[in-house]
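K.L.:
Return a 3D structure for these sequence lines:
(chains A and B)
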There are 2 protein chains.
Amino acid sequence: MLKDFEKKKKEDKVALSAEIKELRAKLLGQQQQLLKAGLPVIVLIEGWAAAGKGSLIKELISEIDPRFYRVYSSAILPEKDERYPFLYPYFNAIPENGKITFMDAGWMENTVQKFLRHEITKAEYTRRVRQVNEFERQLHNSGYLVLKIFLHIGKKEQFERLRALAEAPETEWRVNREDLWQHKEYKRFTEAYDRFMKQTEDTVSWHILDGSRRKTAVRDSMQLLTDMIEGGLQEGRFVGEPYEEKFHLRKMEKLSDIDLSPSIEDEEYKKELKRLQTRLSELHNIIYRKKIPVILCYEGWDAAGKGGNIRRIAYPLDPRGFDVHPIASPLPHELHRQFLWRFWTRLPRTGHICIFDRTWYGRVMVERLEGFCSENDWKRAYNEINEFERMLTDWGAVVLKFWIHIDQETQLARFTERQNTPEKQWKITDEDWRNREKWDQYEVAVDEMLSKTSTDHAPWYIIESNDKKYARIKTLKIVVKALEKACAKHFEQIME
Amino acid sequence: MLKDFEKKKKEDKVALSAEIKELRAKLLGQQQQLLKAGLPVIVLIEGWAAAGKGSLIKELISEIDPRFYRVYSSAILPEKDERYPFLYPYFNAIPENGKITFMDAGWMENTVQKFLRHEITKAEYTRRVRQVNEFERQLHNSGYLVLKIFLHIGKKEQFERLRALAEAPETEWRVNREDLWQHKEYKRFTEAYDRFMKQTEDTVSWHILDGSRRKTAVRDSMQLLTDMIEGGLQEGRFVGEPYEEKFHLRKMEKLSDIDLSPSIEDEEYKKELKRLQTRLSELHNIIYRKKIPVILCYEGWDAAGKGGNIRRIAYPLDPRGFDVHPIASPLPHELHRQFLWRFWTRLPRTGHICIFDRTWYGRVMVERLEGFCSENDWKRAYNEINEFERMLTDWGAVVLKFWIHIDQETQLARFTERQNTPEKQWKITDEDWRNREKWDQYEVAVDEMLSKTSTDHAPWYIIESNDKKYARIKTLKIVVKALEKACAKHFEQIME
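P.N.:
The predicted model follows:
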């Protein structure tokens, strides 16, 4: 009987190796189909310390052409990423269409570990869980294939593995204090991992694999991966439908109801400009020291005066502490990723001010009107943007959005003046004239955008800019007021 | 008399303000011409602590459209950049064509400060001086307009300014220990700044401005900047000529003399592969702990077997500690910067291994043959590349370069096989066939490249790859040997 048992065991092992070989070949074949279909894939491997996450990834990638994947390890991310929002490193790491990102631990470990160490509050934990579900849903809805694996080992197994690593001189350095602490707190971690997994299955389910049986884990994860890819290839790229989340929205006036007559006297303008810029400069110092990130978003009609408005804000700021990001059409590598990626990668560090000259709202304006994305894409974007901005304010950012508003006559006058002034001609292009012809369509889109995305956490302000000077003072006042409020309440917020 | 003096002083002040206003308008006008001419501009502002570098930059940018410039402050770079080569943050920050980068302190402060603090050795100081001259020459030769300003204040003036900053509660935090230490060591700093400036004028001269006369400094720097831009616009984009530096070059065989018959038996291959991969895996651990960066460069004929060769190197490595960068044609924002920029931005951190699947040598192969750059550009590139690689090895990196070599018959056989095997068809494109027709031209270019860039610090290895297995083993052996050597001598090197 024992002999039979041994024989069976050996046969199983051979069968397992054969299966792995077959799956590997399958994955190799899928690689080019993925590229052709433009499907992006994310594989998140979480699990216990010493469970073998690294070696599992090594097996998964062993036959894939290096041009088609990247491996990210969250173990080495934190140092530089602590000054960005929680999801920043993961959003940064998403692959472009047709490629695969493997994550060696990620948003789960970052959250559970920090929570158990009391480095984040319960409220922050809850926010992160919500953010993770939003993140995964956003990726899923824009066609990403996401696989989440948890590699599990028992407490005894972990002890043996950590000991083996710690006792060999060449691997000793791999065992760090966090690992030992995790082992000591094995039970608490079990509960915390369990809870986190239950809380983060809104869109993408977890797969728990047995890390103590290495080959089986390799086979199973390859099976899961190739099945997922196969499904994705058969069904074609998924496009999520619009969904409703109940954000509390501020009531916005329709553009056509806006009174554009407000103006300001020259003397008053100079006085106010000086006063507000001096105050802004002081506030920038406080913002910097308190490490409050600030994000100012500019949208508006062509020739509405965005540039000059931005310059008046920027002038009193310390150039070391702010950035202006002019947003043009996406570059190829940006176009081939979820639409918010190119904004995630441009976020400021804590304590810095970042001004976006045009923003992610292009999605629901130009991309909507020019058909650069599907109807579902732009309809879904209102909520995706509200969620994105909530992630920013959850992080402690001040987010203000300005619609710089003028009427059609004023635009025509400014276009004509640009046309006729040699040093301003670069500012006016054929596209501006084309956009102008679509004024009415844009107005519908802008009204919808303002009404659907003016949340309490990231409100819109309509800035009457027929008189540019009036517009600059109004914007400065709003910025100054918001920063004063943020400086005052920041302490409460972080202790929440 | 005193009355006249006062009157004159007042008149001068008014005249100065008028001059600044005029220069500002000029700069505003130049901005669009710069863009049209595609001229990139770098303005480096160095100087004493509290000399007013930040406010000077603020004045310089006040009227420029934020789309056309970026400000970089080296004060905030170091934290994340310490694990990269010295010039990494500055090379990263170079503007694309038509735009301006302002640097608030940079390679000078980083070098002088560190040297006086004994954070870098004398040998490292000397290397940095050489690197700075190379860096500035490379930028100049590829058409960058570079302006270097040193903002000078006397010791007394610095004392007053630091005291004023330190005594006001809202600016107190701006005065840090480095500033106070600099003030205490004013004399040593004077000598060190002086020496550094004398040593780094090979291509770009320094301009010393008086920081104690704020308005004059603004006027003078604006004058310098607008003059430089005007000159650049008149003369058109500068293209540097090839230049000779005497690198010690290894004698390379001509490709046509290479014996491609070497091969390896299957059993021997398996045994050697296992042995070498095991050793490489151990070495990766040591490399990681010793923080030695490793850069492996792959070039070779289409279908020579680069991909499979790279996979055999990558397989034993910990995926958390290496990256493979497949290099395709440059994206627009890469094309609009000095040609090495897209490689600088992809460098590994210390302790990491980075494999380039095709490299910066595209400049002297495809870009040369297809006319994607001027003759001067590719002829200059041999030296620019040798310098670049020396910067990497100066930093402590191991740099190895492999030419994966096959003959034309073997390529034809592999092309045909790819064509006829459905799952390999993606690997063969029309371009491959077109390149094949240019085999002879490529061979001339490759021979020239090998003979001009096989330096002692970054040697080329020709890998016979008619038998892919032989090629893999040979490459692995070279990598293992080089890493063993690096691990052994690393300590001596850093203590040099």
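K.L.:
Walk me through the domains of chain A.
P.N.:
Following automatic domain parsing, one finds the domains of chain A at A:14-235, A:256-495.
K.L.:
which residues are contacting the helix or strand harbouring A:Val444?
P.N.:
Using DSSP states H and E, A:Val444 maps to helix A:439-453. Residues from elsewhere that reach helix A:439-453 (Cβ atoms under 8 Å, 6 or more residues apart in numbering or on different chains): A:249, A:252, A:254-256, A:299, A:301, A:361, A:364-365, A:368-369, A:382, A:385-386, A:389, A:401, A:403, A:408, A:435, A:460, A:462. (Each C-beta comes from the backbone N, C-alpha and C, glycine too.)
K.L.:
and the helix or strand just after that helix, what other elements does it pack with?
P.N.:
The C-terminal neighbour of helix A:439-453 among helices and strands, as given by DSSP H and E, is strand A:460-464. Helices and strands touching strand A:460-464, by 3 or more Cβ pairs under 8 Å, 6 or more residues apart in numbering or on different chains; DSSP states H and E, are strand A:398-405, helix A:439-453, helix A:468-495.
K.L.:
I'd like the average pLDDT over the last one.
P.N.:
This means helix A:468-495. Across helix A:468-495, pLDDT averages out at 87.
K.L.:
what's the answer for the first one, then?
P.N.:
Confidence over strand A:398-405 (mean pLDDT, whole number) is 98.
K.L.:
quick one, the next helix or strand after that strand and helix A:439-453 angle?
P.N.:
Later in the chain than strand A:398-405, the nearest helix or strand by DSSP H and E is helix A:408-420. Per axes from the mean of the first three to the mean of the last three Cα atoms, to 10 degrees, the angle that helix A:408-420 makes with helix A:439-453 is 120 degrees.
K.L.:
Helix A:408-420 vs chain B: in contact?
P.N.:
No: contact of helix A:408-420 with chain B is not found when judged by Cβ under 8 Å from any Cβ of the partner chain; the minimum separation is 11.8 Å.
K.L.:
Spell out which residues of the stretch 51-200 of chain A are next to chain B.
P.N.:
So the stretch 51-200 of chain A meets chain B at A:54, A:57-58, A:61-63, A:65-67, A:70-71, A:73, A:75-76, A:79-80, A:102, A:104, A:170-171, A:173 (Cβ under 8 Å from any Cβ).
K.L.:
Filter those down to just the ones in strands.
P.N.:
Among those, DSSP state E puts A:Arg70, A:Val71, A:Ser73, A:Phe102, A:Asp104 in strands.
K.L.:
Where does the nearest residue to A:His457 once chain neighbours are set aside sit: helix, strand or coil?
P.N.:
The shortest distance from A:His457 to any non-neighbouring residue, by Cβ to Cβ, 6 or more residues apart in numbering or on different chains, is to A:Thr393 (4.1 Å). Counting by DSSP: H, G, I helix; E, B strand; the rest coil, the backbone at A:Thr393 sits in helix.
K.L.:
and A:Thr393, how far is that from A:Glu282?
P.N.:
From A:Thr393 over to A:Glu282 the distance is 23 Å, taken as Cβ to Cβ, to the nearest Å.
K.L.:
what do you get for A:Lys401?
P.N.:
Going from A:Lys401 to A:Glu282 by Cβ to Cβ gives 24 Å.
K.L.:
Comparing those two, which residue is more hemmed in?
P.N.:
A count of neighbours by other Cβ atoms under 10 Å in any protein chain shown puts A:Lys401 above the other of A:Lys401 and A:Glu282, at 23 against 17.
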